[in-house]
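S.K.: Below: sequence and its predicted model.
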Amino acid sequence: MNSTLRKSKTRKQLRLGAISSALFTALSFAAIGSASAATLVENVKGYTLNEAGELISFKNLVMDEGKVVALDVNKTAPDITASIDETINGDGKVMLPGLIDAHGHLLGLGANLLEVNLRESSSAQDAAKMVADYAFANSQQSWITGRGWNQELWSDRAFPTATDLDKVVSDRPVFLTRVDGHAAWVNTKAMELAGITKDTKSPVGGEIIKDVNGNPTGVFIDNASLLIEEHLPKASNAIYEQQLNAAGEHLLANGVTSMHDAGVSRDVYDFYLKEAVEGDLPVRIYAMVSATDPELSTMLGNGPIRDDDDFLYIRSVKAYGDGALGSRGAALLEPYSDAPHQHGLLLTQPEDMTELFTTVIGAGFQLNYHAIGDKANHVALNEFEATFENIGGSELRNRIEHAQVIAPDDLARFASLKVLPSMQPTHATSDKNMAEDRIGKDRMKGAYAWKTLLDSGIPLPLGSDFPVELANPFYGLHAAVTRQDRNNQPVKGWYAHEALTVKQAFKGFTLDAAYSGHMEDSLGTLTPGKWADFILVDQDIFTIDAKDIWKTEVHATYVAGEQVFSKQAPKQ
């Protein structure tokens, strides 16, 4: 069953939303001739891919009713001048399609923007001071929450403890998510409220870190964090609204007009439906329903949902294979090189995979499976292969999210099975200081292998995994092309043979990302018939030195032809 949402008049209705791209292309100039409000955007240095994935340039763009009508028109031709109602001067800026982040967490980003940010902390003590400052400024909050700590960036590279937090906040519970979202650091008050003691056993797919005496230290890995998380104040639509607005504003300012939301609960599913009907979604959302939600079957039973204006499309499920490399939760075929007694964690147990894959794919939903370690990737590919043999479903463009460490023999299987590797370039530049320690040089042959996978003949959708990484897509483009961090390290790039060209990386954040969300019919390029989602930026990413791509600044963002962000000029 396909459901269609109709927005209220809070957003201008786009009458051509139901017309196919092919028909719209064929009628483009006829549409200009009969339109009453066509807009010409001129004086731009425009770039887009065409439908064949070739890079093309243009100097002007005509849009009508929120969609692209034509590129490079002769603006002095009588039939054109008669039909143009408005002209926008691009002031010589570079125009690009609105960028698509193929893997992020929208409300998680919003929450991150509204809580204590520990990303820049230099030690456990420094992070604790940030928490203390935040707690003092937010005395009304019953829980102190935050995100972004990463012990791998601290000098001792050791996990923090509850004691570190108890010294600064002991009267209220504290819950701090690691930067990758796969571990939580809490204080003693939080453990007391959750009833955690030395006798509490680690749950399946999780680990309670304990000291030599068996006492919980305050760090909970993967599923173990749920023991604390379930006691957090329950979210509400009012909170979701704040998070949505904060995240939307942030993404649009960074040139992201569409994103794939990796794992939404039934509550968020209902919230997104409400916002779509009311016309209040700030960015386009391709939502992945969480496979662990108790109401998964109900959401699958509702069938795919795509609204007329393409602000919400729900037709996929996010499943969870393992944890993250930094917290040693990624599931490996062989032990960790720096922890020989650990293999990581499988969050979905092998005996449960067949039912999950059959249920989701059998319902006609794309299955997007989180797999970071080579074991998680291997068992996922095996299950996809078995599922396709039994019930089909390879045409659904199923995905493996992250595909970070892959056994070399498994690399070619993505293309042969038509399973898309959905990858995040900044993960490589963030992980370069610890990845080789975790898995050793030999296993690096299949790690962060973007070019190898792309060369095998499979599209490569790219994203950031915000708020795990920063949401700025130009950071991702830069990392993909240089294999360097923003300090240009290492000088020759980290395993630079896996670097992409600028065009390949650009395609990953546009056409390939749209394809991976079944939306290449309306998004991903600025070709006639597609939504006029575009950005104006200050430099040409195709001609500048690649090391400067990350410095690109967005000056304006348009969604469906309407300006939704403008960078204010600095005061003289």
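M.R.: Perfect, thanks for sending it. Numbering: from 1, shown residues only.
S.K.: contacts and neighbour counts: CA atoms only from here.
M.R.: Will do.
S.K.: From S83, how far out is T76?
M.R.: In this view, T76 and S83 are 11 Å apart by Cα to Cα, to the nearest Å.
S.K.: neighbour count winner among the two?
M.R.: Taking other Cα atoms under 10 Å, T76 and S83 do not tie; S83 has more neighbours (19 against 9).
S.K.: I figured that one was touching A38, is that so?
M.R.: Yes. In this structure S83 lies within contact range of A38 using Cα atoms under 8 Å: 6.4 Å.
S.K.: Backbone dihedrals for S290, please?
M.R.: phi -70, psi 130 (degrees, to the nearest 10).
S.K.: give the contact list for it.
M.R.: Taking Cα atoms under 8 Å, 6 or more residues apart in numbering, we find S290 in contact with A262, G263, V264, S265, L296, V317, K318, A319.
S.K.: Might you report the residue contacts of the fourth one?
M.R.: S265 makes contact with V289, S290, D293, according to Cα under 8 Å, 6+ apart.
S.K.: got it, and the third one?
M.R.: Neighbouring residues of V264 by Cα under 8 Å, 6+ apart: A287, M288, V289, S290.
S.K.: What's the ChimeraX line that selects buried ones from these?
M.R.: If you want just the buried ones from the contacts of V264 in ChimeraX, going by 16 or more other Cα atoms under 10 Å, the selection is:
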select :287,288,289,290
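S.K.: Among the contacts of V264, which are located in strands?
M.R.: A287, M288, V289, S290 (DSSP state E).
S.K.: can you pull the contacts of F474?
M.R.: Shown in contact with F474 (Cα under 8 Å, 6+ apart): I549, W550, K551, T552.
S.K.: out of those, which one sits closest to F466?
M.R.: W550 (16.1 Å; Cα to Cα).
S.K.: The closest one - how many residues pack around it?
M.R.: 18.
S.K.: follow-up on the earlier one: save the contacts of S265 as JSON lines, and put in pLDDT and distance to G110 too.
M.R.: Below are these laid out as JSON lines (pLDDT from 0 to 100; distance: Cα to Cα, whole Å):
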{"residue": "V289", "pLDDT": "98", "distance to G110": "18"}
{"residue": "S290", "pLDDT": "98", "distance to G110": "18"}
{"residue": "D293", "pLDDT": "97", "distance to G110": "21"}
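S.K.: Could you dump those residues into JSON lines with distance to G344 added?
M.R.: Converted to JSON lines, the contacts of S265 look like this (distance: Cα to Cα, whole Å):
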{"residue": "V289", "distance to G344": "25"}
{"residue": "S290", "distance to G344": "22"}
{"residue": "D293", "distance to G344": "23"}
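S.K.: elements contacting the helix or strand containing M191?
M.R.: Secondary structure assigned from DSSP states H and E places M191 in helix 188-194. If you count contacts as 3 or more Cα pairs under 8 Å, 6 or more residues apart in numbering; DSSP states H and E, helix 188-194 packs onto helix 162-166, strand 174-178, helix 226-229.
S.K.: looking at the ones you listed, which is closest to G148?
M.R.: strand 174-178 (5.3 Å).
S.K.: next structured bit after the closest one?
M.R.: strand 183-186.
S.K.: Tell me how far that following strand lies from the chain's centre.
M.R.: Distance of strand 183-186 from its chain centroid, counting by Cα atoms, centre = their mean, to the nearest Å, is 22 Å.
S.K.: do the same with stretch 458-466
M.R.: Distance, stretch centre to chain centre, for stretch 458-466: 8 Å (Cα atoms, centre = their mean).
S.K.: Same question for stretch 410-430.
M.R.: Distance of stretch 410-430 from the chain centroid (Cα atoms, centre = their mean) equals 14 Å.
S.K.: ditto for stretch 223-243
M.R.: 20 Å.
S.K.: Output the contacts of V264 in TSV; the columns should cover distance to N43.
M.R.: As requested, those are exported to TSV (distance: Cα to Cα, whole Å):
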residue	distance to N43
A287	36
M288	39
V289	42
S290	44
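S.K.: Report the two of the contacts of V264 separated the most.
M.R.: The widest separation within the contacts of V264, taken as Cα to Cα, falls between A287 and S290 and amounts to 9.3 Å.
S.K.: Could you name every residue contacting both of those two?
M.R.: In contact with both A287 and S290: A262, G263, V264, using Cα under 8 Å, 6+ apart.
S.K.: Which pLDDT does the model give the last one?
M.R.: In this case it means V264. What the model reports as pLDDT for V264 is 98.
S.K.: M130 sits in which helix or strand?
M.R.: Using DSSP H and E, M130 falls in helix 124-137.
S.K.: show me what contacts A183?
M.R.: By Cα under 8 Å, 6+ apart, the contact list for A183 reads T177, V219, F220, I221, D222, S225, S327.
S.K.: now G248
M.R.: Going by Cα under 8 Å, 6+ apart, G248 touches G110, P282, V283.
S.K.: Identify the residues contacting the last one.
M.R.: The one in question is V283. When contacts are counted by Cα under 8 Å, 6+ apart, V283 touches G248, L251, L252, V256, T257, S258, M259, F311, V559.
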